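Participant: quick one: sequence and predicted model below, then my questions.
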Amino acid sequence: MKKIKVMLVFATMVFATFTTPVGAADQFPTRPIRIVVPYAPGGNVDISARIVAPPLGEALGQTVVVDNRPGAGGNLGASLVTKSTPDGYTLLVGSSGPLSVNPVIFKSLPYDSLKDFAPISTVQAVPLVLLASPKSGFNSVADVIAAAKSRPGKVTMASAGAGTTNHFAIELFAQMAGVKVLHVPYKGSGPALSELLGGQVETMVDQLAASIGHIKDGRLKVLAVTTTQRSGALPNVPTLDELGYKGYQAATLLGLLAPTGTPKPVIDKLNAAIRKVMGNTVVSDRFRGLGTEPGASSPEEFSKRIREELVQWQALVKKLDLKFE
């Protein structure tokens, strides 16, 4: 009799193990969902999360809250998500920083961007732009190249910081153009833009979302965009690709991810909800107003984009032997 009871208990445990996740996935979500933003409030990643959260909550029938966890260039928030229960209730708004740039510039990370996340969908891509100070005298990319060739290593080109996507975009541009420029890193786009506006630096590569206001009011000259397709916000501005730098591509990718191990039915339900949100013209128009290119994807497509960016930046760092503190 005792043996029968033990067998029944064991059978019950096995049954629960195989049925509970499926049942939980079918009922998902039954409580609020948290989206972790690995940066401080106010930046592009935070703004994007707050645009998406309310309609995503409506699509899922639950409240979606935004939780800012800044620190270590996005690594702190990203790590927090990888350590959370893989049930779909804690998600990351991941950008190129923690997903494809930090793995290249940090000697060690508390997570593996390819193994520890389950991509759900892209949300948007932020084109970068090559900007010039009105005081620089540059009116085209050709002007910048000519100056860089006549003054090797002297033409100043600012970025939001060493080891950022902006910095990598500068190095890629210089390599493809066959010139040397003087990279001037700042602690964020704000300080760099201030110096560019004041003429302390001649040029800058920046996220369009951060600089679009200065471009539209005519305070800064925009010479080119860094994506292979022109930006809908700047349809008259050429891409570097069409100016002759074939294959040039640099952007800040952004999307939603869950911890690895999250059940596929949960991932699928979240993906369907994001597709619905991004198909809403009110949402997509808000993103386009910020100068970004909104768009959902399959989990597989998002995963592929992360891998491609990682390979691109790893190759660049290795080829140019870039060093980071």
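Facilitator: Sure thing, it's come through.
Participant: kindly export stretch 276-287 (C-alpha atoms) in CSV.
Facilitator: What follows is stretch 276-287, C-alpha atoms only, in CSV (Å, rounded to 0.1, in the frame of the first residue of the first chain):
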residue,chain,number,x,y,z
LYS,A,276,-1.0,44.2,-33.6
VAL,A,277,0.4,47.2,-31.8
MET,A,278,2.9,48.0,-34.5
GLY,A,279,0.2,47.7,-37.1
ASN,A,280,-1.7,50.5,-35.4
THR,A,281,-1.2,53.7,-37.4
VAL,A,282,-1.3,55.9,-34.3
VAL,A,283,1.6,54.0,-32.8
SER,A,284,3.6,53.8,-36.0
ASP,A,285,3.1,57.5,-36.7
ARG,A,286,4.4,58.4,-33.3
PHE,A,287,7.6,56.4,-34.0
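Participant: so residue 116 versus residue 123, what's the distance?
Facilitator: Between residue 116 and residue 123 the computed distance is 20 Å (CB to CB, to the nearest Å). In this view, the C-beta of every residue, glycine as well, is placed from N, C-alpha and C.
Participant: okay, and residue 121 sits in which element?
Facilitator: Secondary structure from DSSP states H and E places residue 121 in strand 117-132.
Participant: ok, that strand: who's next to it in the sheet?
Facilitator: Sheet pairing of strand 117-132 (DSSP bridges) gives strand 203-207 (antiparallel), strand 221-225 (antiparallel), strand 251-259 (antiparallel), strand 293-294 (antiparallel).
Participant: can you tell me what sits against stretch 232-250?
Facilitator: Outside stretch 232-250, the residues that touch it by CB atoms under 8 Å, 6 or more residues apart in numbering are 128-130, 141, 165, 168-169, 172-173, 176-177, 208, 212, 215, 222-231, 288-289, 291, 293, 312.
Participant: from the residues you listed, which would you call buried?
Facilitator: Buried by 16 or more other CB atoms under 10 Å: 128-130, 141, 165, 168-169, 172-173, 177, 208, 212, 215, 222-228, 230-231, 288, 291, 293, 312, out of those.
Participant: among the contacts of stretch 232-250, which lie within helices?
Facilitator: Cross-referencing those against helices under DSSP state H gives 141, 165, 168-169, 172-173, 176-177, 208, 212, 215, 288-289, 312.
Participant: after the lowest-mean-pLDDT helix or strand in the chain, next one along is what?
Facilitator: Least confident helix or strand of the chain, by mean pLDDT, DSSP states H and E, is helix 2-27 with a mean of 51. Downstream of helix 2-27, the first helix or strand assigned by DSSP H and E is strand 33-37.
Participant: helices or strands up against that following strand?
Facilitator: Applying 3 or more CB pairs under 8 Å, 6 or more residues apart in numbering; DSSP states H and E, we find strand 33-37 packed against helix 44-60, strand 64-68, helix 75-82, strand 90-95.
Participant: tell me the angle the first one makes with strand 203-207.
Facilitator: When you say that, I think you mean helix 44-60. Counting by axes from the mean of the first three to the mean of the last three CA atoms, to 10 degrees, helix 44-60 points 20 degrees away from the direction of strand 203-207.
Participant: sorry, back to before: so which of the helices and strands packed on strand 33-37 is nearest residue 134?
Facilitator: helix 44-60 (24.7 Å; CB to CB).
Participant: what's in contact with that closest one?
Facilitator: For helix 44-60, contacts defined as CB under 8 Å, 6+ apart pick out 29, 33, 35, 37-40, 63-66, 68, 93, 95, 123-124, 126, 207, 209-210, 252, 254, 256, 269-270, 273-274, 276-277, 280, 283, 286-287, 290, 292.
Participant: cutoff 6 Å now
Facilitator: 29, 35, 37, 39, 63-64, 66, 93, 95, 209, 254, 273, 276-277, 283, 286 (CB atoms under 6 Å, 6 or more residues apart in numbering).
Participant: and which of those residues is nearest residue 322?
Facilitator: Using CB to CB, residue 95 is the member of the contacts of helix 44-60 that lies nearest residue 322, at 20.2 Å.
Participant: give me the number of residues near the closest one?
Facilitator: Neighbours of residue 95 under the rule other CB atoms under 10 Å: 26.
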